[in-house]
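S.K.: Compute the structure for the input listed below.
(chains A, B, C and D)
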2 protein chains.
Amino acid sequence: MNTLAEENYLKSIYHLSIDAENVSTNQIAASLNTKASSVTDMLKKLSDKALINYTRYQGVSLTPSGEKIAVNIIRKHRLWEYFLVEKLKFKWDQVHDMAEEMEHISSAELIDRLDEFMDYPQHDPHGEPIPDCNGRFNASELTPISALRVNDSGTISGVRDHSSSFLQYLEKQQLTLGKKISIMEIVEFDHSMILQIENKKEIHISREAANNLLIAL
Amino acid sequence: MNTLAEENYLKSIYHLSIDAENVSTNQIAASLNTKASSVTDMLKKLSDKALINYTRYQGVSLTPSGEKIAVNIIRKHRLWEYFLVEKLKFKWDQVHDMAEEMEHISSAELIDRLDEFMDYPQHDPHGEPIPDCNGRFNASELTPISALRVNDSGTISGVRDHSSSFLQYLEKQQLTLGKKISIMEIVEFDHSMILQIENKKEIHISREAANNLLIAL
DNA sequence: TAAAAAATTTAGACTTATCTAAATTATGAA
DNA sequence: TTCATAATTTAGATAAGTCTAAATTTTTTA
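M.R.: Here you go, the predicted structure:
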């Protein structure tokens, strides 16, 4: 088995790999709130274990076995988040930190039974797809609202930022999963957008918010 | 907060304190599968934190704040065991190790909601009482079968040994929680006992088994 | 009650994961 | 294409938790 620190590095590298082929030492350090020198040490260790491909100064990528571990942690994280919201009635902005601890519970049988108990949910409370017990899942085909044009519309299906400040803001604006929105206007100056929610209320959101709100077309 | 190692020491000291006022270094070492010298180091640390009363060579006891932490861990352990058996349909001999990991999940609100979700169970799958959110619970008034006389009877309500080998043996003999048993005969030579289960089947159990099987009279 | 045995503690070392500061390598702008 | 800057790595230190071996204290027993 792997240590908690190793698992967190693998998970971080996995998430950062979505935007780039190779992940840099500084990116990992920033995402784990640690120093670049600590990252270098851990990269050597993970490389020795054949969980990452690492060449000095060149950044890293996960090997198939490293990716398998990372996906399994993500599966556990998302299933526990679903459990916390659906069964224990937490709000979607409350569950991230708890799931961050729970994702390290090791038993595979436990997580498979949890999956069954909840009837094999496909998405976590933030719209992220949940890998199945073989690690398979559909990479989400969601678009950030910021990529839409005036008159485009779709259903809110995910968020990129899981911070409770962002999620609470969305909740207050009624921008929750499942809501249908249409783009009414895009302000050229700052790329902020005016949306209509469910053909009723109109609201104005910043470019940054639009970048973090995902839509199924 | 406390580290995982600290929590495990406090829990161990709590359990050992049931049989004795003061707990010895060697007892702790045995129960945690570690060396006496490691225990001494940790005792100093816990003593500095005012979680235990410790005088060199004299053994230790928990302070009120140490006991509070220990009881909270035990509450979490037992609630998770109940969850695993009642919701995820694990057998009573499968849950100990998983709960050993889960008891360290820190959120108090999580565990209180789990308690509510399961409708405030009073006993874990092995008959141990579950402390409430204030750490209060009835110290169980159970008697080992080995203390009974011929013709005494009662209901199986708990086990002392949680090892899967013992629990599987009980399962096979139908000596599960809730069964009514009566003592038919005590063999003087080795103190083994012949019991009748639910006024039907008679079985023969060793003194050791009788010591670990608890009865409500 | 003194010596032997058992229990406990101390000393010093090791591992994991982290840090700061210094050195090295890569990159981008002139 | 060279040099300043940014990124990364190395060197050396620290803290937590563990270990072995040696020293000390307590307990037992003769």
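S.K.: Neighbours of the spatially closest residue to residue A:32 that is not a sequence neighbour, how many?
M.R.: Leaving aside its sequence neighbours, residue A:32 sits nearest to residue A:12 (CB to CB, 6 or more residues apart in numbering or on different chains; 5.4 Å). For glycine as for every other residue, the C-beta is placed from the backbone atoms N, C-alpha and C. Neighbour count for residue A:12, taken as other CB atoms under 10 Å in any protein chain shown: 20.
S.K.: Residue A:12 and residue A:39, how far apart?
M.R.: 9 Å (CB to CB, to the nearest Å).
S.K.: Mind listing the shared neighbours of the two?
M.R.: A:28, A:32 (CB atoms under 8 Å, 6 or more residues apart in numbering or on different chains).
S.K.: How about residues contacting stretch A:67-84?
M.R.: A:2, A:7, A:10-11, A:13-14, A:51, A:62, A:90, A:94-96, A:98-100, A:102-105, A:108, A:111, A:114-115, A:118, A:121, A:123-126, A:128-133, A:135, A:137, B:110.
S.K.: can you map out the strands along chain A?
M.R.: Using DSSP state E, the strands found in chain A span residues A:52-54, A:60-62, A:143-144, A:153-159, A:180-186, A:193-197, A:202-205, A:213-216.
S.K.: Could you chop chain A up by domain?
M.R.: By the record's domain assignment, chain A is partitioned as A:4-62, A:143-216 (automatic domain parsing).
S.K.: Looking at those, which is nearest to DNA strand D?
M.R.: domain A:4-62 (2.9 Å; CB to the nearest atom of the strand).
S.K.: Was I right to think the residue nearest to residue A:32 contacts residue A:28?
M.R.: Yes - between residue A:12 and residue A:28 there is a contact at 5.6 Å, judged by CB atoms under 8 Å.
S.K.: Now render the strands of chain A as JSON lines, adding mean pLDDT and distance to chain B.
M.R.: As requested, the strands of chain A are exported to JSON lines (pLDDT from 0 to 100; distance: least, CB to the nearest CB, whole Å):
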{"stretch": "strand A:52-54", "mean pLDDT": "97", "distance to chain B": "26"}
{"stretch": "strand A:60-62", "mean pLDDT": "97", "distance to chain B": "25"}
{"stretch": "strand A:143-144", "mean pLDDT": "94", "distance to chain B": "31"}
{"stretch": "strand A:153-159", "mean pLDDT": "95", "distance to chain B": "22"}
{"stretch": "strand A:180-186", "mean pLDDT": "95", "distance to chain B": "31"}
{"stretch": "strand A:193-197", "mean pLDDT": "96", "distance to chain B": "30"}
{"stretch": "strand A:202-205", "mean pLDDT": "94", "distance to chain B": "31"}
{"stretch": "strand A:213-216", "mean pLDDT": "94", "distance to chain B": "27"}
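S.K.: Dump the ones you listed to JSON lines, plus mean neighbour count and distance to residue A:165.
M.R.: Formatted as JSON lines, the strands of chain A follow (neighbours: other CB atoms under 10 Å in any protein chain shown; distance: least, CB to CB, whole Å):
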{"stretch": "strand A:52-54", "mean neighbour count": "19", "distance to residue A:165": "32"}
{"stretch": "strand A:60-62", "mean neighbour count": "21", "distance to residue A:165": "30"}
{"stretch": "strand A:143-144", "mean neighbour count": "17", "distance to residue A:165": "18"}
{"stretch": "strand A:153-159", "mean neighbour count": "19", "distance to residue A:165": "12"}
{"stretch": "strand A:180-186", "mean neighbour count": "17", "distance to residue A:165": "21"}
{"stretch": "strand A:193-197", "mean neighbour count": "19", "distance to residue A:165": "20"}
{"stretch": "strand A:202-205", "mean neighbour count": "15", "distance to residue A:165": "14"}
{"stretch": "strand A:213-216", "mean neighbour count": "21", "distance to residue A:165": "14"}
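S.K.: Could I get those strands in a markdown table, plus columns for distance to DNA strand D?
M.R.: Shown next, in a markdown table, are those (distance: least, CB to the nearest atom of the strand, whole Å):
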| stretch | distance to DNA strand D |
| --- | --- |
| strand A:52-54 | 7 |
| strand A:60-62 | 8 |
| strand A:143-144 | 25 |
| strand A:153-159 | 27 |
| strand A:180-186 | 31 |
| strand A:193-197 | 31 |
| strand A:202-205 | 30 |
| strand A:213-216 | 28 |
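S.K.: can you pull out the helices in chain A?
M.R.: Remark: helices assigned in chain A by DSSP state H are A:4-16, A:25-32, A:36-48, A:64-86, A:96-102, A:108-117, A:164-172, A:207-212.
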